[in-house]
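Participant: Give the three-dimensional model of this entry:
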Amino acid sequence: MNRGRMILAMILTYMVFGILLNSVGTVILQSIQGFGVSKSDASILEAFKDLPIAIISFLTASLMPRLGYRRAMMLGLGFVGAACLLMPLLASFWMTKLLFVATGVSFALVKVSVYSSIGLLTEDKQAHASLTSTIEGWFMVGVLAGYWIFAWFIDPQSPGDPVWLRVYWLLAAMAAAILILLATSRMDERAASDGHAVGDSFLDMFRLVAQPLVAVFLVSAFLYVLIEQSVGTWLPTFNREILHLPTTMSVQAASIFAVSLALGRLAAGVALRRVPWHWLLMVCVLAMAALVLLALPLARNLQPDPAMSWAHAPLAAYVFPLIGLFMAPIYPAINSVVLSSLPKSRHAAMTGLIVVFSALGGTTGSFITGQLFARIGGGTAFYLSLLPMAMLLLAIALLKRQSGLAERAAMAPS
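Facilitator: Coordinates of the predicted model:
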């Protein structure tokens, strides 16, 4: 088994999908400027990505071991690579929809495969947690790099020029190179064939939803991803239309959000060793709300500046993306709470539910925010994110209560 080559291939695969999955905000902005679509129409792009992730992740929970994890990764890379090749050739909004469908389907295959493969490549819990953290960390590097890679291909003088589509030649080449790396690597997957029969994973998902702890968690995860995707997806458009930044700067400024998410997760890893998870998350949600109330007034009554530069950018361009610092700890922490409260034999089914509800939350957040952008303006749309934040605060309190009940039930004598 080529352990080092497989780990490198998994890291590079996750980086490519970090670029593609989080390019939705940039592509929405470019579709509005280059393809002439409305904000309402552009708001559905998130659904073309997230719904395939939800559907395919659900279906592959029981079928993936039969296909093989390495083969599934290769299939996902080949599928998304072909879509990237077609994007500049068939430059249109409908091709953009197909690209994100391909990205969603491919990422579902890749995420299930990567998470399942980690267990085959590690020997204990510590090594498993370390490798998982490393792969997720490089995913965030891909997210950050994506903003700058896309911005590099955008013509500052003519933002709508389809020259920006050449970025997909680069992404297709990257996918092809990683596919070759996977094809020349080997991984022992015999241990993956031991487990439930096909169909058991589907049934276990439904059994899990009936548990109060899991039900509260799924609401929490849905609300969190709704907030994160509504901000992340529409931040480039907010920068362009509300803050009046040039298109290239609008995309690059959104990378501050990705940096904030990365730094927030690293800091939370240290903080959670000393602070109870529920208190930390509640403080984070309150800080998110405070940042919205602080940053959005700074975006009022701004006027276009032909000499706009980083030195003269509005303060809101730097302040608002810092919301990522406080968002970052929430999702990993609530995932850890629910998984550690369940037997290990049910972690696969629970992971399937996490992916499904996260995808649905992302689609809902992007769509609602897009509709609000079109009807009441970007500033007001982001103000309304305070509502799901309040609901998330309540959900975290309920999750703490249910996790405590589950822990006491597990310790009670049978």
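Participant: surely Lys111 meets Ser57?
Facilitator: Yes. Judged on C-beta atoms under 8 Å, Lys111 makes contact with Ser57 at a distance of 7.0 Å. C-betas here are computed from N, CA, C, even on glycine.
Participant: Next, show the common contact partners of the two.
Facilitator: Both Lys111 and Ser57 are contacted by Val355, under the criterion C-beta atoms under 8 Å, 6 or more residues apart in numbering.
Participant: burial measure for the residue lying closest to Thr351 once chain neighbours are set aside, as a count.
Facilitator: Nearest residue to Thr351 in three dimensions, chain neighbours excluded: Tyr115, at 6.4 Å (C-beta to C-beta, 6 or more residues apart in numbering). The tally of other residues near Tyr115 (other C-beta atoms under 10 Å) stands at 17.
Participant: ok, now how distant is Tyr115 from Thr60?
Facilitator: According to C-beta to C-beta, to the nearest Å, Tyr115 and Thr60 sit 11 Å apart.
Participant: Point out where the stretch 51-200 of the chain drops to low pLDDT.
Facilitator: For the stretch 51-200 of the chain, applying pLDDT under 70 flags the ranges 61-62, 124-130, 132-133, 191-200.
Participant: Who are the contact partners of Ala145?
Facilitator: Met15, Gly18, Ile19.
Participant: Go ahead and confirm the last one touches Gly146.
Facilitator: Translated: Ile19. Yes. At 3.6 Å, Ile19 counts as touching Gly146 under the criterion of C-beta under 8 Å.
Participant: higher neighbour count, these two?
Facilitator: Remark: of Ile19 and Gly146, Gly146 carries more neighbours, 27 against 22, as counted by other C-beta under 10 Å.
Participant: Next up, the contacts around that one.
Facilitator: Gly18, Ile19, Leu20, Asn22, Ser23, Thr26.
Participant: same deal with Val167?
Facilitator: Ile149, Phe150, Trp152, Phe153.
Participant: Narrow those residues to those in helices?
Facilitator: Of the positions in those, Ile149, Phe150, Trp152, Phe153 sit in helices, assigned by DSSP state H.
Participant: Export the residues you listed to a markdown table and append columns for distance to Ile323.
Facilitator: A markdown table is the format used below for these (distance: C-beta to C-beta, whole Å):
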| residue | distance to Ile323 |
| --- | --- |
| Ile149 | 23 |
| Phe150 | 21 |
| Trp152 | 26 |
| Phe153 | 27 |
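Participant: I'd like the distance between Val292 and Tyr224.
Facilitator: Val292 is 15 Å from Tyr224, where distance means C-beta to C-beta.
Participant: re the thing from before, how about the contacts of Gly146 in TSV, adding secondary structure, distance to Met140 and pLDDT?
Facilitator: Shown next, in TSV, are those (DSSP: H, G, I helix; E, B strand; the rest coil; distance: C-beta to C-beta, whole Å; pLDDT from 0 to 100):
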residue	secondary structure	distance to Met140	pLDDT
Gly18	helix	7	92
Ile19	helix	11	94
Leu20	helix	14	96
Asn22	coil	9	85
Ser23	coil	14	91
Thr26	helix	17	87
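Participant: Just put those residues in a markdown table and tack on distance to Leu85.
Facilitator: Below are the contacts of Gly146 laid out as a markdown table (distance: C-beta to C-beta, whole Å):
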| residue | distance to Leu85 |
| --- | --- |
| Gly18 | 20 |
| Ile19 | 16 |
| Leu20 | 13 |
| Asn22 | 21 |
| Ser23 | 16 |
| Thr26 | 19 |
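Participant: Gly362: which of those is nearest?
Facilitator: Gly362 has its nearest neighbour among these in Asn22, at 10.6 Å by C-beta to C-beta.
Participant: Identify the residues contacting Phe178.
Facilitator: For residue 178 the amino acid is Ile, not Phe. With contact taken as C-beta under 8 Å, 6+ apart, Ile178 is in contact with Ala9, Leu12, Thr13, Val16, Leu77.
Participant: ok, and the most crowded of those?
Facilitator: The residue in the contacts of Ile178 with the most neighbours, by other C-beta under 10 Å, is Thr13 (31 neighbours).
Participant: I figured that one was touching Val110, is that so?
Facilitator: Yes. Using C-beta under 8 Å, Thr13 makes contact with Val110 at a distance of 5.8 Å.
Participant: list residues touching both of these two?
Facilitator: Both Thr13 and Val110 are contacted by Met73, Gly76, Leu77, under the criterion C-beta under 8 Å, 6+ apart.
Participant: What is the burial count for the first one?
Facilitator: What it means is Met73. 27.
Participant: Which helix or which strand is home to it?
Facilitator: helix 69-89 (DSSP states H and E).
Participant: got the buried residues for that helix?
Facilitator: Neighbour counts using 16 or more other C-beta atoms under 10 Å place 69-70, 72-77, 79-81, 83-88 of helix 69-89 among the buried residues.
Participant: Output the contacting helices and strands for the next helix or strand after that helix.
Facilitator: The first helix or strand that comes after helix 69-89 along the chain, using DSSP H and E, is helix 93-121. Where contact means 3 or more C-beta pairs under 8 Å, 6 or more residues apart in numbering; DSSP states H and E, helix 93-121 is packed against helix 3-21, helix 24-30, helix 45-67, helix 69-89, helix 125-153, helix 347-376.
Participant: How far off centre is the longest one?
Facilitator: When C-alpha coordinates are averaged (C-alpha atoms, centre = their mean, to the nearest Å), helix 347-376 and its chain have centres 10 Å apart.
Participant: Drop anything exposed from the contacts of Val167.
Facilitator: Buried residues within the contacts of Val167, counting neighbours by 16+ other C-beta under 10 Å: Ile149, Phe150, Phe153.
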